[in-house]
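1. I'd like to go over a predicted model; first the sequence, then the structure.
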Amino acid sequence: MSVTLTQKAANHIGRYLQKRGKGIGLRLGVRTTGCSGMAYKLEYVDEAAPEDMVFESFGVNVYVDPKSLAYLDGTELDYAREGLNEGFKFSNPNEKATCGCGESFTV
């Protein structure tokens with residue numbers, strides 16, 4: 001089981017953690033919401049939870065709780081800029097469908 005970052009995503013997260021002045025990595029999880037059932041949630045981590053699974057990519061730690069890992073296994077997180085828009089992009093092999101607005105997905 002694994003979750004990975006692209007070099008661009010790791011660079012972005014690393015710069016943000018430095019700017020923020022604290023933090024040990026990024027937490028990736030899922031929550032129930034939206035028209036398709038699940039949505040990704042991201043937050044910076046200041047302290048790891050005992051049950052967290054930790055994955056390292058390009059020197060950045062990604063923390064995932066065991067319940068979310070079942071939905072996120074194999075996911076690659078990228079960071080992209082497209083015109084005036086920028087943000088994280090998820091490549092999740094477990095996704096079966098996404099909603100029209102792009103906010104949620106089904107496994």
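-> Alright, I've got the coordinates. Numbers count the residues shown, from 1 in each chain.
2. gap between the closest residue to Ala49 other than its chain neighbours and Gln7?
-> Spatial nearest neighbour of Ala49, excluding adjacent residues (Cβ to Cβ, 6 or more residues apart in numbering): Asp65 at 7.0 Å. For glycine as for every other residue, the C-beta is placed from the backbone atoms N, C-alpha and C. Here the criterion is Cβ to Cβ, to the nearest Å. By it, Asp65 lies 25 Å from Gln7.
3. give me the more crowded residue out of those two.
-> Per other Cβ atoms under 10 Å, whichever of Asp65 and Gln7 has more neighbours is Asp65, with 15 against 11.
4. contact partners for the more buried one?
-> For Asp65, the residues meeting the contact criterion (Cβ atoms under 8 Å, 6 or more residues apart in numbering) are 27, 29, 49, 51-53.
5. any idea how far Gly14 is from the residue nearest to Ala49?
-> As judged by Cβ to Cβ, Asp65 and Gly14 stand 22 Å apart.
6. host element of Phe55?
-> Taking DSSP states H and E as the definition, Phe55 sits inside strand 53-57.
7. what's in contact with that strand?
-> Around strand 53-57, the neighbours that count as contacts under Cβ under 8 Å, 6+ apart are 1-6, 9-10, 25, 48, 61-66, 69.
8. inside strands: which ones of those?
-> Among the contacts of strand 53-57, the members falling in strands (DSSP state E) are 4-5, 25, 61-64.
9. return the closest of these with respect to Arg81.
-> The closest of these to Arg81 turns out to be Leu5 (Cβ to Cβ; 16.1 Å).
10. how close does the closest one get to Arg15?
-> Look at Leu5 and Arg15: by Cβ to Cβ, they are 13 Å apart.
11. looking at these two, which one has more neighbours?
-> Each of Leu5 and Arg15 had its neighbours counted (other Cβ under 10 Å), and the higher figure belongs to Leu5 (28 against 10).
12. in stretch 17-28, what counts as buried?
-> Neighbour counts over stretch 17-28 (16 or more other Cβ atoms under 10 Å) mark 17, 23, 25-28 as buried.
13. centre of the chain versus that stretch, how much separation?
-> Between the mean C-alpha point of stretch 17-28 and the mean C-alpha point of its chain there is a distance of 13 Å (Cα atoms, centre = their mean, to the nearest Å).
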